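1. Sequence first, predicted coordinates after that:
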Amino acid sequence: MLGLSFLVPAFLVGGLAALVPLILHLRRRERLPRLPFSDIRFLRDVPVEQARRRRLREWLLLALRVAALFLLALAFARPFLNDTDAAALASQSATVVLIDTSFSMSAPAQLAAARGLALEAIDAAPDGHLVGVVAFDTRTRVVAELGERPAARSAIEAVSPGPRGTRYADGLAAAGAMIGTRDGRIVVVTDLQAGGWNAGDGLVPPGVDVSIRDAGRPDGNLAIVAVESEPTQTLAVLFRAGTVSDDTIVSLRVDDELLAEVAVTAEPGHTTVRLPVLPEAGVATVSVNDGVGYGVDDRRYRLLDPPAPTPVLIVVGGGGGDDGDAARDTDAVFYLQRALAPGESAGPFLPEVVRAEAYGAPTNIALGPRTGAVILVGGRGLGRRGRERLATFVRDGGGLFVVGGNAADLGGLDSLDSLFGGEPELGLGASLTHPEPVGLMSQDPRHPIMGGLGGLAGALGQTRFSQTRPLRAGDGTVLARFSDGNPALVEHTVGAGRLLIFGAGLGADGSDFPRRATFVPFLHETLTYLSATDTRSREFIVGDSPVGTVARTEAPGVVEAGDGRRVVVNVDPRESDPTAVTPEQFAASVGTLSRAAERQERDAAGGRESGQQLWRVLLMLMIVVLVAEGLLGRRMA
Amino acid sequence: MASVTGRERSFLDPAVVARIGSLELIARTIVEGFFAGLHRSPFKGFSVEFSEYRPYLPGDDPGTIDWKLFARSDRHYVKKFEQETNLECHLLLDVSASMGYASHAVSKLRFGVCLAAALAYLMHRQRDAVGLTLFDDHVVDSVPVGSRGGQLRALLAGLSRASPGTRSDVQMPLHQLAAQLTRRGLVVLISDLLDDPAGIIEGLKHLRFQGSEVLVLQTLDPAELTFPFDQPARFEDLETADAVPVVPEQVRAQYLDQMRSLSERYRRELRRAGIDYHQLNTSTPLDTALRAYLSTRARRW
């Protein structure tokens, strides 16, 4: 059955405006002058038919006017049809069993206890309550929608702990959302692990009672929580939960080949285990024997493959320019190549130099996901296609570093603004020559580039620039300034990508920057920041989504990242600590979020209203009524 | 019958007459204005009353010489007598609330009062016995029929007390009067006749069957006759206080038709019963009414 509800019922007050014509009509009637007459018999008798017809028309006219105003108010109140059966269902109280499926629930016998508690909670749900089941770890899954108990019981039988961590806040939010605006309660079946509150407090709608069922925890747990590689040894960090020591064996395997086994006495807390030096390639697995705790954290993986260098494209100006430009480009490229690929061994970046006209030509230059960043040293010859390719690269998430001191001197780009159709406004000014060289000063020490430089950020000030290009920051962020106050490094966000503009050249002509100790770190941090692919992110926690990859991280182990790389996935080491809070502490962390519930209800109503759009029908009706009123009014006039 | 000059006619204008305070003066003004000179009564009979003396002239009936006066004065005087008629006149004046309606200076009631006063004066001058009945839905006041010297004053006093009353019931006094009449006479009904026409006609016929001559003077306001209103208004009945919203232009034609039909019905049915019926407009001179009276009287007596 459908019922009518309103998204903005306050506008119904506007329906009182419908009384206005009624009042006017009545007042007008009362305002008719009273005229004494000798005998109204003939007035009453003779025109009765006409008067009645006219009175009928007047009332019809009045009804039309009232209806028009009422329809207008009704339309503004944004009505929508509600399924009252669903509404009745929505008004039924509910019990949601929120069951913890993090790996801290995977100790022997823990799952059975949790299921038992959950089933008890289902059976104990008050008569008339709908029952639903939500499983949670670092994500939430509705495993049984609100309904009858058998379905909930079946769902409980099917849940099992996974390799993820605990996040109470999300679980409570999902359970609260399931209950919505009903009265109800949430029964949390969990091990009360303290680490689950790290993501913040839980909030549930008003009128929802939260009760806790403690599924218990193991007496202890052994876990490998970290593996670090050092030049002379490998360090594994062993964690022992509980209050007693354990004698155990820590094993090191590389690609399933056992390299070492170390007998260790695991003291409560963290114990560092020293292992042999790891080879330069392969996947190392450090494991420990644990008979009482969680199994999934008994081993930890480490990727030994050297990180693949990030491809960096250096675009230089094409021919046709004067010799000075070419020399500056060559100078800058020389230092860039040396900074990005030092020595014989592969560095973190793989620079590739390409001329602007080649970049802009329909060639096979790959600018796919493997290109981490583009350094634009010169733009002469880039052409329309080249500019479009560059702009698309950035908008799709790539990073572009414009070396303004070089690129702006080239005539290949009429204006750097044309790269992105004037947005952002790059605003490179004319070259300035400083008799007294200016230094470079970090403007935002919290920015990843400046933060990555660490103590070297201060050394930027020792750099001397005798030629700079003033930049207009516009909507961008100034990361560094020259000592004369002009912006030196400005960041813009374009689409999903980033754009950095440097207000000087990177060659030795005009500055001593390439010869400074800060040059290489600066470039590395800048290109690391610009690269969509973070070369250091080769290890993930279960459930994390590596940027730019299609890796599945649903289970610990080694997975293909999708771009040819391998990454390792480990469990969250915080989950290995079964330290629990008390039910009282747990309850104290659960708050009430009244506004969230209201917003949720409002959003749902808004969705229904927006789908039905009855206000359009009402406005159309109002127009029809007004037309009818106009026609009738004209006839009466 | 004497003609009415322009100057005299102005004294017949209801608006002019209404400004005169004294009812007796009003009556005299109307009558004197209407008649250039009241003719002597042509009726001489047994019931004679001394009028005047004049010297005997040859050719006079010697029987008319007053011998007693001759004995005292030694002159021959002829004794003039005017007959006191045996006509009984009954003036019936409707004083119901509807008679209080006025769309101009003169209400129907005031017009009726003036008219009744003039008729009373005229009748008195003609030595007719005159009575007066004021009524609405009952008899409000009455002056018995008489012809003595103070009768006129009594009649005028009765008329001066007339004020709009309540609802009208015209047929009631007609039947009452018909039941009381012992001699044939003249009944003059002054009313707007805005009542049940069948009842009124029946009452008038009752009088007529008793042998009385009946003169009906229907006094209507010009607004009742032309319905000149143009603005919508709530028309309130003076008698019932009922009100009805009216858009005049919507109802005028049918209202006038109804009024015409009513008048036509009165005229037709009263004529058939031998009753004189005249419709008077309160904005027109009173001579029409006087002429009607004299015409009726002359025809019957």
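-> Perfect, I can see it now. Numbering: from 1, shown residues only, chains lettered A, B, ... in the order given.
2. Now do residue 103, the pLDDT please.
-> Picking chain A for this. pLDDT recorded at A:Phe103 is 89.
3. Oops, wrong one, chain B.
-> With respect to pLDDT, B:Ser103 has a value of 88.
4. Over to B:Ala27?
-> Taking B:Ala27 on its own, its pLDDT is 69.
5. Strands along the stretch 401-550 of chain A, start to end?
-> A:432-438, A:440-442, A:465-468, A:477-482, A:487-494, A:497-502, A:539-541 (DSSP state E, counting those that start in this stretch).
6. again but with the stretch 51-200 of chain B, I slipped
-> Secondary structure of the stretch 51-200 of chain B (DSSP E, counting those that start in this stretch): strands at B:77-83, B:88-94, B:129-135, B:139-146, B:185-191.
7. can you put these in CSV and add mean pLDDT and distance to A:Val354?
-> Using the backbone N, CA and C atoms, a C-beta is placed for each residue, glycine as well. Below are these laid out as CSV (pLDDT from 0 to 100; distance: least, Cβ to Cβ, whole Å):
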stretch, mean pLDDT, distance to A:Val354
strand B:77-83, 64, 151
strand B:88-94, 88, 122
strand B:129-135, 89, 126
strand B:139-146, 86, 126
strand B:185-191, 88, 122
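8. Mean neighbour count and distance to chain A for these - can I get that in CSV?
-> Formatted as CSV, the strands of the stretch 51-200 of chain B follow (neighbours: other Cβ atoms under 10 Å in any protein chain shown; distance: least, Cβ to the nearest Cβ, whole Å):
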stretch, mean neighbour count, distance to chain A
strand B:77-83, 17, 42
strand B:88-94, 26, 11
strand B:129-135, 25, 17
strand B:139-146, 17, 18
strand B:185-191, 26, 12
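9. sorry, back to before: right, so of the strands of the stretch 401-550 of chain A, which gets closest to chain B?
-> strand A:487-494 (72.5 Å; Cβ to the nearest Cβ).
10. residues touching B:Asp128, list them.
-> By Cβ atoms under 8 Å, 6 or more residues apart in numbering or on different chains, B:Asp128 lies in contact with B:85, B:87-89, B:147, B:186.
11. Read off the pLDDT value for A:Pro351.
-> pLDDT, A:Pro351: 84.
12. other SSEs contacting the helix or strand it falls within?
-> Taking DSSP states H and E as the definition, A:Pro351 sits inside strand A:349-355. Strand A:349-355 is packed against strand A:310-316, helix A:323-340, with contacts defined by 3 or more Cβ pairs under 8 Å, 6 or more residues apart in numbering or on different chains; DSSP states H and E.
13. out of those, nearest to A:Ala457?
-> helix A:323-340 (17.0 Å; Cβ to Cβ).
14. What residue in the stretch 101-250 of chain A comes nearest to chain B?
-> Closest to chain B within the stretch 101-250 of chain A is A:Thr181: 53.6 Å, counting by Cβ to the nearest Cβ.
15. So which bits of chain B are right by chain A?
-> B:98-99, B:101, B:108, B:192, B:194, B:221, B:224, B:229, B:231-239, B:242-247, B:250-251, B:254-255, B:257-259 (Cβ under 8 Å from any Cβ of the partner chain).
16. Now with 6 Å, please.
-> B:98, B:101, B:194, B:232-238, B:244-246, B:250-251, B:254-255, B:258 (Cβ under 6 Å from any Cβ of the partner chain).
17. now, which of these lie within helices?
-> B:250-251, B:254-255, B:258 (DSSP state H).
18. Can you redo these as JSON lines, where the extra columns are pLDDT and neighbour count?
-> Supplementary listing: these in JSON lines, determined by pLDDT from 0 to 100; neighbours: other Cβ atoms under 10 Å in any protein chain shown:
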{"residue": "B:Gln250", "pLDDT": "80", "neighbour count": "16"}
{"residue": "B:Val251", "pLDDT": "84", "neighbour count": "24"}
{"residue": "B:Gln254", "pLDDT": "87", "neighbour count": "18"}
{"residue": "B:Tyr255", "pLDDT": "89", "neighbour count": "23"}
{"residue": "B:Gln258", "pLDDT": "89", "neighbour count": "16"}
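19. Give me the local confidence score for A:Gly372.
-> Reported pLDDT at A:Gly372 in the predicted model: 77.
20. next one: B:Arg265
-> pLDDT, B:Arg265: 92.
21. If we ignore the residues flanking it in sequence, what's nearest it?
-> In this structure, B:Arg265 finds its nearest non-sequential neighbour in B:Pro197, 5.7 Å apart by Cβ to Cβ, 6 or more residues apart in numbering or on different chains.
22. burial count for the one you found?
-> 18 (other Cβ atoms under 10 Å in any protein chain shown).
23. and if you look at A:Asn289?
-> 13.
24. Next, it: phi, psi?
-> phi -80, psi 120 (degrees, to the nearest 10).
25. repeat for the one 5 residues further on
-> Backbone dihedrals for A:Tyr294, given as degrees, to the nearest 10, come out at phi -80, psi 140.
26. Equivalent analysis for the one 10 residues further on, please.
-> Listed backbone geometry of A:Leu304 is phi -100, psi -10, with angles given as degrees, to the nearest 10.
27. residue ranges with poor pLDDT in the stretch 151-300 of chain B?
-> Applying pLDDT under 70 to the stretch 151-300 of chain B flags the ranges B:297-300.
28. give the contact list for the spatially closest residue to B:Val188 that is not a sequence neighbour.
-> Distances taken as Cβ to Cβ, 6+ apart put B:Leu215 closest to B:Val188, at 4.7 Å, once the chain neighbours are dropped. Each residue near B:Leu215 by Cβ atoms under 6 Å, 6 or more residues apart in numbering or on different chains is listed here: B:188, B:276, B:296.
29. contacting residues for the second one?
-> Residues in contact with B:Asp276, defined by Cβ under 6 Å, 6+ apart, are B:215, B:296.
30. how close does it sit to A:Tyr168?
-> Distance, B:Asp276 to A:Tyr168, using Cβ to Cβ, to the nearest Å: 113 Å.
31. ok, now the first one?
-> B:Val188 sits 112 Å away from A:Tyr168, taking Cβ to Cβ as the criterion.
32. just to revisit the earlier point, in a strand, the residue nearest to B:Val188, correct?
-> Yes: in this structure, B:Leu215 lies within a strand as judged by DSSP: H, G, I helix; E, B strand; the rest coil.
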